[in-house]
Each structure stands twice: as C-alpha cells, then as structure tokens.
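# Got a sequence here, can you model it:
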Amino acid sequence: MSDRTAQRAAILLASVLTVDALFHLYWATGSTWPAEDAESLSYAVLGTEAPFTPPVVLPLAVLLLAASGLVVAQSRRPRRLFRLGTLAVAGGLGLRTLAGLYWLFAQDTGSAFYWLNLGLYTPLCALLGVAALRVVRGAATPTLRKSKARWEDAVRVR
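Next up is the predicted model:
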C-alpha cells in the first residue's frame, strides 16, 4: 500500500469525523435539524430517547475532533502515540459496526433509526474502520523500514 492511499484514507476519515463533530456542536446550540424536535432527533440518531444537551454533545464533539486530529497526525508524521490513537479510532468504529449489526435484528423495522442504521451508520462505520486501519498500516510501513535500515547500519559498523 502506498503512502498516498494512507493519506487519502486519512482525509476521508478525518473529514467524516469533523463533519460529525460539527453536527454535535450544532446540536449543542439547541437546534434539532434535520429532525423536528429533540425527541425525534434522538430516536433517529440513537434509536432511543437521550438528551441532546451541551453537557452530552460537547464532549462527543471534542472526542470526534481529537480523533480526527490523531488520524491526520498519524498519516503525516507517524508516531507511536498517533498510531495507538488511530487504532483506538478503528476499534471504536469496529465496535459501532458490530453494534449496528446487532441493532438490525433488535430494532423495529419501521423506525427511522433502523433505516438510517442499515443504509448509513453501520456501512459508514465499517468503511471508516477499514480506512483507519489503512492509515495505521500505510503510515507505519516507512517508519519500520527506517528502523530496520538503522539496525542494519549499526550491525555493519561493528
């Protein structure tokens, strides 16, 4: 895999995470678009009733922006901490994908959440999870080659 593929995967992942964070910041203002009210927004996004208040959605927005930053940082300057953060993003997306598959069998097929989960949330999380793994793999490869080359140089010096 090329560095270019990892860069594109990072851009895709960071873009979606940032847009999601912007939605959370928007909802923190009390707005409920694209739903009519907070209750219908909650049922469409989560499949259950939950508050969309600043103490709930602001930490999620911060978490999403931090995840976006970690992914971009890993794609540009691979470091162990960025790699672990990007792996955590991939793990979170994997868990959400598995939960989404479970909810396909546990939810009422007539609800908005069921169809959003089926057509958008779960496939998008699966795609983004793969993208996060590509960022980790693509950005880690040059670093591993450099350390192997340093090791070989050190062995030759002796």
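# wait, doesn't residue 136 sit right on residue 74?
Yes. Applying Cβ atoms under 8 Å, one finds residue 136 in contact with residue 74, separated by 6.7 Å. Every C-beta, even on glycine, is put in place using the N, C-alpha and C of the backbone.
# tell me, what's touching the two both at once?
Contact criterion Cβ atoms under 8 Å, 6 or more residues apart in numbering; residues shared by residue 136 and residue 74: 83, 86.
# looking at the protein, which helix or strand does the model trust least?
helix 122-157 (a mean of 77; mean pLDDT, DSSP states H and E).
# low-confidence ranges in this structure?
Scanning the chain for pLDDT under 70 picks out the ranges 1-2, 139-158.
# On the three-state scheme, residue 48 is what?
Under DSSP: H, G, I helix; E, B strand; the rest coil, the three-state class of residue 48 is coil.
# How about the contacts made by it?
residue 42.
# Mind doing that once more with 6 Å?
Residues near residue 48 by Cβ atoms under 6 Å, 6 or more residues apart in numbering: none.
# which parts of stretch 99-109 are buried?
100, 103, 107 (16 or more other Cβ atoms under 10 Å).
# before we move on, what about stretch 19-35?
20-21, 23-25, 27-28, 32, 35.
# Equivalent analysis for stretch 75-87, please.
Applying a neighbour-count criterion of 16+ other Cβ under 10 Å, one finds 75, 78, 82-83, 85-87 buried in stretch 75-87.
# Pull the most distant pair out of the buried residues of stretch 19-35.
21 and 35 (18.6 Å; Cβ to Cβ).
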